[in-house]
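Peer 1: Predicted structure and sequence below. I'll ask about it afterward.
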Amino acid sequence: MSSTIETRVYSSMNAHNPLERPRLCRFSTRNLSFPRQSLEKAWLASELAMEKPRNRGTGFKCRNCAPGAGTSAIRRKKLAVFVSGGGSNFRSVHEASIGGLVHGDVAVLVTDKPGCGGADYARANGIPVILFPKTKSSAEGLSPIDLITTLRNFKVDFILLAGYLKLIPAELVQAYPKSILNIHPSLLPAFGGKGFYGLKVHRAVIASGARYSGPTVHFVDENFDTGRILAQRVVPVLANDNAEELAARVLHEEHQVYVEVVSALCEDRIIWREDGVPLIRSREDPKVYT
Ligand SMILES: Nc1nc2c(c(=O)[nH]1)N[C@@H](CN(C=O)c1ccc(C(=O)N[C@@H](CCC(=O)O)C(=O)O)cc1)CN2
Ligand SMILES: NCC(=O)N[C@@H]1O[C@H](COP(=O)([O-])[O-])[C@@H](O)[C@H]1O
């Protein structure tokens with residue numbers, strides 16, 4: 001069996017231009033820590049995504065559209081989720097998608113750790129897994145431009161970072177304006193930025209004497225954790241908390257708030273205030289924003 005997979009990569013602008021000659025990409029399957037089939041599946045799904053857009057019924061009937069707008073079908077969105085670890089937030093969003101709480105589908109999982117729990121969950125659920133970024137140790141990873149092309153081929157609308165530990169490059173941020181979210185386990189802008197991830201965040205919160213903490217969902221810009229804040233939840237920091245206990249309390253809230261935010265995102269209920277602050281329009285009462 002060849003140790004190379006060749007596939008076509010179209011420019012992100014003309015994915016369907018029959019006249020465009022696609023670039024030939026070769027992916028070595030040697031030393032792949034995840035089965036060759038995953039990569040083939042990713043490219044096959046990518047090809048299928050280009051040729052046969054999935055038709056998932058007539059679309060979502062919006063019960064709470066602005067008065068006079070009547071019911072209008074809202075297109076079901078396509079999501080890419082980026083993980084580096086266990087993937088419990090990814091799992092929460094995926095389960096909400098299957099359960100009907102999120103009007104979207106996870107089209108692809110992107111990771112820098114192909115052996116992580118999130119990647120295992122994706123493979124077990126038939127979701128293509130893509131390795132990003134390309135590094136010295138993982139030559140099979142995609143370059144930013146190839147990742148963008150692949151996401152376009154999957155028709156991805158929104159990117160959700162969920163415990164992804166690498167800096168998203170400016171090219172990707174610019175290719176998906178106001179369309180990349182991240183969940184961070186502290187009340188930003190406190191305890192964010194380079195070096196603040198996982199238990200390190202909770203250790204810093206406890207050491208600071210802060211009495212409250214909680215998750216922040218924010219839009220992603222070119223820097224770590226400086227994008228516009230969209231949602232937060234608050235939990236108490238107890239006097240005898242250790243980092244693991246606080247992490248578990250915050251993570252429970254993360255699973256709730258990320259599903260609520262992604263649900264709003266997929267139902268086009270995010271609006272931008274004139275000062276640039278994003279707000280979520282209530283599904284129950286369109287006059288209420290949080
Ligand atoms: N362009 C952006 N990329 C990413 C953002 C972002 O807001 N903008 N958020 C992070 C997620 N994150 C916090 O929510 C975060 C992740 C990782 C780090 C960090 O310091 N990473 C280390 C490397 C860790 C590793 O590879 O094991 C580092 O860069 O030195 C800070 C914050 C995801 N990307
Ligand atoms: N700064 C980024 C960061 O620390 N993200 C955090 O990593 C964990 C991933 O858990 P999960 O893999 O079970 O979703 C979550 O607590 C998330 O907030």
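Peer 2: Received the coordinates, thanks. Numbering: from 1, shown residues only. Ligands and ions are numbered 1, 2, ... in the order given.
Peer 1: which one is whichever residue of the stretch 151-290 of the chain sits closest to ligand 2 nearest to, not counting chain neighbours?
Peer 2: The nearest approach of the stretch 151-290 of the chain to ligand 2 comes at Gly163, 2.7 Å away (C-beta to the nearest ligand atom). Quick note: C-beta positions are derived from backbone N, CA and C, even for glycine. Leaving aside its sequence neighbours, Gly163 sits nearest to Gly85 (C-beta to C-beta, 6 or more residues apart in numbering; 4.6 Å).
Peer 1: Number of residues surrounding the one you found?
Peer 2: Using other C-beta atoms under 10 Å, Gly85 has 19 other residues around it.
Peer 1: Tell me who's in contact with it.
Peer 2: Lys113, Cys116, Gly117, Gly118, Gly163, Leu165, Gly198 (C-beta atoms under 8 Å, 6 or more residues apart in numbering).
Peer 1: Thr135 now?
Peer 2: Applying C-beta under 8 Å, 6+ apart, the residues near Thr135 are Asp112, Gly141.
Peer 1: measure it to Leu142 for me?
Peer 2: To Leu142, Thr135 is 11 Å away according to C-beta to C-beta, to the nearest Å.
Peer 1: I'd like the distance between the residue lying closest to Leu199 once chain neighbours are set aside and Glu95.
Peer 2: Nearest residue to Leu199 in three dimensions, chain neighbours excluded: Ala243, at 4.7 Å (C-beta to C-beta, 6+ apart). Distance, Ala243 to Glu95, by C-beta to C-beta: 27 Å.
Peer 1: Among these two, which residue is more densely surrounded?
Peer 2: Ala243 (17 against 14).
Peer 1: wait, that one sits on Gly198?
Peer 2: No - counting by C-beta atoms under 8 Å, Ala243 stays clear of Gly198, with 9.1 Å between them.
Peer 1: residues in contact with Pro185?
Peer 2: Pro185 touches Gly198, Val201, His202, Ser213, Pro215, Ala247, Val250, Leu251, Glu254, counting by C-beta under 8 Å, 6+ apart.
Peer 1: go with 10 Å
Peer 2: The neighbourhood of Pro185, defined by C-beta atoms under 10 Å, 6 or more residues apart in numbering, consists of 163, 191-192, 196-202, 205, 213-216, 246-247, 250-251, 253-254.
Peer 1: Repeat that for Val262.
Peer 2: Counting by C-beta under 10 Å, 6+ apart, Val262 has contacts 77, 79, 81, 89, 92-93, 96-97, 101-104, 158, 160, 162, 181, 183, 217.
Peer 1: so which strand or helix has it?
Peer 2: helix 243-266 (DSSP states H and E).
Peer 1: Tell me the strands beside the following helix or strand past that helix, with direction?
Peer 2: Going down the chain from helix 243-266, the next helix or strand is strand 270-272, by DSSP H and E. With DSSP bridges as the test, strand 270-272 is paired with strand 278-280 (antiparallel).
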